[in-house]
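Undergrad: Predicted model follows, preceded by the sequence.
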Amino acid sequence: MSDHHHLAGDHHPSPASTATTALGTLLLLPSELLHEILIRLALPELLRVRSVARPLSHLISSPDFRRFYHLSSVSSGPAPAAAWLLIFKKLPPRGAALRGFHGPSGRWFRIPVSDIISPAVPPGEDLYFLAASGSSFLFAANGRRELVVVDLSAQSARRLPPSPLGPRGTSSWRRFGLKLVADPPGSNRFRFLFAELVNNTPFLFEYQSGTDMWQSSEAVLASGPSAPAGPDGTYLCAAHAGPDCVMVYSGPGVDRPPVFFRPRFPHNPNAGGHGDRLHVYGDGSAVVVRSTLVDEPSRTRVKVVAGVDLYGFGPEVGGDWQLVSSVPGELIQGFRKPYAVMTGLLAEREGVIRLILISNCRGAWDLVWLSYDPAGAEWRWVPVPDWGGVKGLNMAGIAVSSTFSRLWPPAPAICH
């Protein structure tokens with residue numbers, strides 16, 4: 001009976017022959033239709049398709065298609081569009097991997113970096129993921145107290161020279177106000193910027209990969225409309241303590257120094273003894289997450305989100321925070337889960353403000369992704385599905401990158 005089943009199976013097409021037939025049909029499609037199909041794939045899927053057949057590899061690797069794919073991703077709307085949420089789990093370098101959540105497809109992908117980063121860091125090094133832009137991923141190594149950049153497109157890693165502040169452990173880098181910028185856009189060259197108080201004076205620090213050198217500039221106190229708040233400027237948080245913060249603004253050009261100011265919120269959010277408020281800063285915006293306590297029999301102090309308010313600056317640098325928008329209550333109900341501790345990430349990419357809230361309750365992590373489109377004054381909540389191993393996850397860094405669609409590494413570099 002068993003032999004009969006084996007013989008009967010021989011009359012059905014094998015998976016390999018079915019795949020070959022499907023590939024042949026795909027290659028017979030008009031080029032316009034083939035383009036429309038391919039641009040709808042997430043980048044990891046696109047790279048897997050590229051490895052299937054040489055004609056597809058030539059098409060996907062061509063500069064015209066890469067440009068078309070990026071423009072299509074960027075113009076696909078204010079909901080996550082080309083955005084990626086990247087998370088790094090604390091593992092030894094041999095098992096180091098980023099988890100990338102692709103907003104449009106709603107799926108997680110695994111991005112191995114262990115083989116790339118291992119020549120630049122010794123075994124057992126304690127790594128923390130700081131930022132991402134294009135094909136560049138920046139890590140802090142706690143043991144060696146230095147920065148390491150991974151270029152996924154070039155499959156290489158190298159250590160950065162110490163900043164003007166000297167060698168620093170990972171605790172010095174776990175903060176708001178770090179920014180990695182591809183310069184020029186779409187290339188593997190980048191600038192890394194951060195601001196910090198030095199002897200109570202704000203400084204702007206910038207590393208340029210093209211020169212492999214750091215620059216530092218002392219910021220001067222802003223007075224009136226001393227700098228335009230244009231899209232080419234950079235806002236960085238130099239220091240913060242709840243609602244009190246020091247912001248540094250650097251405009252385009254080298255002939256004007258960065259300026260700093262201490263914006264205030266309208267009506268102190270912490271007035272009246274309300275302490276359950278989280279302040280998140282990033283790219284010239286601020287978010288205040290208001291929470292309320294939940295009565296539970298356990299000793300764990302559990303809270304739930306009651307409101308999320310977005311603040312920005314007025315037309316002049318040096319002003320106070322102004323309320324821009326609040327997340328609608330019905331949207332909050334969709335992700336309103338109990339939590340014990342929470343932190344956040346706020347970033348603006350290509351005109352869309354994205355807020356990531358990371359919370360933990362009894363060892364279980366939860367991620368909330370919100371996006372705000374200033375042009376349409378519209379909030380969106382992007383549900384983030386769980387992946388294996390969330391319970392007890394030792395999260396070692398998180399970042400948002402909307403330029404990840406420009407990344408075109410070798411096909412095996414990204415996989416499920």
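TA: That came through, no problem.

Undergrad: show me where the chain has helices.
TA: 2-9, 15-27, 31-38, 43-50, 54-61, 63-74, 114-117, 329-335 (DSSP state H).

Undergrad: now for the third one, which elements pack on it?
TA: With contacts defined as 3 or more C-beta pairs under 8 Å, 6 or more residues apart in numbering; DSSP states H and E, the packing partners of helix 31-38 are helix 15-27, helix 54-61, helix 63-74. Using the backbone N, CA and C atoms, a C-beta is placed for each residue, glycine as well.

Undergrad: Recalculate using a threshold of 10 Å.
TA: helix 15-27, helix 43-50, helix 54-61, helix 63-74 (3 or more C-beta pairs under 10 Å, 6 or more residues apart in numbering; DSSP states H and E).

Undergrad: and the angle for it with helix 54-61?
TA: Angle, helix 31-38 to helix 54-61, by axes from the mean of the first three to the mean of the last three C-alpha atoms, to 10 degrees: 70 degrees.

Undergrad: Helix 31-38: how far from the chain's middle?
TA: Computed by C-alpha atoms, centre = their mean, to the nearest Å, the chain-centroid distance of helix 31-38 equals 29 Å.

Undergrad: Now it: buried residues?
TA: Using 16 or more other C-beta atoms under 10 Å as the test for burial, helix 31-38 gives 34-35, 38.

Undergrad: Please give me every residue in contact with the closest residue in space to Trp214 that isn't next to it in sequence.
TA: Excluding its sequence neighbours, the residue lying closest to Trp214 (C-beta to C-beta, 6 or more residues apart in numbering) is Tyr207, at 5.1 Å. Counting by C-beta atoms under 10 Å, 6 or more residues apart in numbering, Tyr207 touches 138, 147, 149, 160-161, 163-164, 180, 190-194, 213-215.

Undergrad: Over to Thr292?
TA: 274, 276, 303-307.

Undergrad: bridging residues for it?
TA: Val304 (DSSP bridges).

Undergrad: buried stuff in stretch 362-376?
TA: For stretch 362-376, by 16+ other C-beta under 10 Å, it's 365-374.

Undergrad: Strands - which of the contacts of Tyr207 land there?
TA: Per DSSP state E, strands hold the following members of the contacts of Tyr207: 138, 147, 149, 180, 190-194, 213-215.

Undergrad: about what we covered before: and the residue nearest to Trp214, how far from Leu178?
TA: Tyr207 sits at a distance of 11 Å from Leu178 (criterion: C-beta to C-beta, to the nearest Å).

Undergrad: Would you mind writing the ChimeraX command to select the buried ones in the ones in strands among the contacts of Tyr207?
TA: Per 16+ other C-beta under 10 Å, the buried members of the ones in strands among the contacts of Tyr207 correspond to this ChimeraX selection:
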select :138,147,149,180,190,191,192,193,194,214
